[in-house]
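>>> sequence unknown, structure follows:
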């Protein structure tokens, strides 16, 4: 036997497990995996995790290979995005501060989700988890007024959301860069660039990152702050 790092997972109670099992059984033969279903989520990326560089022998002390570490924290960027079999939203970079319900409604639901739902038309379904800003009264009221249906989602189930694969791809892509981002702005720029690249590959309409990720999962910023609507349906 050898020492191994344990797999990291969320804390699940018996109630959580029962809810996840019920969800899986209910959707095991689901046929709605089309562009009408938008999977969304937020994710935080930190500068401190960009700790690998590609260099030649003797270049250890080169400026481009030195990760400047702030003892009080290197900074982080929170982003929001949505994917479906038919397209994706823009990657929205959340400026400093926490994501409260009003902010979620005004920066994400109104300028990004609403126009996407309008482009899809009847049958649009929003997937969001049960984070407090998502299920707050003001957000639920907004969705109801706009006629946007939200999917019932089991608690403590981030692993059921296929967008988690996208976050993982983005994280690994950032880490593999020859020069890691040194500032929060550089990290935000890099995340937007990677988001655009992985979801605009030629294979994305068949077995690429977005459709392939959605299918596999259910068989098992702008750099500057902006709320301008942007989405692709392909």
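Looks like it arrived, so ask away. Since the model is a prediction, treat every value here as computed from it, not as a measurement. Numbering: from 1, shown residues only.

>>> can you give me the strands for the chain?
Here the chain has its strands, by DSSP state E, at 37-46, 76-83, 87-89, 92-94, 125-127, 149-150, 231-233.

>>> Return the most buried member of those.
strand 87-89 (a mean of 24; mean count of other CB atoms under 10 Å). The way it works is simple: take the backbone N, C-alpha and C, and place the C-beta from them, glycine included.

>>> Residue 113 is in contact with residue 92, correct?
No - with contacts defined as CB atoms under 8 Å, residue 92 does not count as touching residue 113, sitting 10.4 Å away.

>>> so who does residue 78 touch?
42-45, 93-94, 99 (CB atoms under 8 Å, 6 or more residues apart in numbering).

>>> Below-threshold pLDDT in the chain: ranges please.
Within the chain, the stretches with pLDDT under 70 are 32-34, 48-53, 66-74, 199-234.

>>> ok, how many other residues are close to residue 194?
Residue 194 has 19 neighbouring residues, counting by other CB atoms under 10 Å.

>>> same deal with residue 154?
Residue 154, neighbours per other CB under 10 Å, totals 18.

>>> separation between residue 126 and residue 161?
Using CB to CB, to the nearest Å, residue 126 is found at 12 Å from residue 161.

>>> err, residue 117, not the other one
18 Å.

>>> now the helices for this protein?
In the chain, the helices defined using DSSP state H lie at 14-27, 101-104, 114-120, 132-135, 137-146, 163-175, 184-198, 209-219.

>>> can these go into a markdown table with extra columns for distance to residue 78?
Shown next, in a markdown table, are the helices of the chain (distance: least, CB to CB, whole Å):
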| stretch | distance to residue 78 |
| --- | --- |
| helix 14-27 | 25 |
| helix 101-104 | 11 |
| helix 114-120 | 20 |
| helix 132-135 | 12 |
| helix 137-146 | 17 |
| helix 163-175 | 11 |
| helix 184-198 | 10 |
| helix 209-219 | 21 |
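
>>> Kindly state which of those is positioned closest to residue 5.
helix 163-175 (16.1 Å; CB to CB).

>>> Just the terminal-to-terminal distance for stretch 133-141.
From the first residue to the last, stretch 133-141 extends over 12 Å; the measure is CA to CA, to the nearest Å.

>>> now do stretch 135-154
First residue to last in stretch 135-154 (CA to CA) measures 13 Å.

>>> now swap in stretch 46-59 and tell me
End to end - CA to CA - stretch 46-59 spans 25 Å.

>>> cool, and stretch 92-109?
11 Å.
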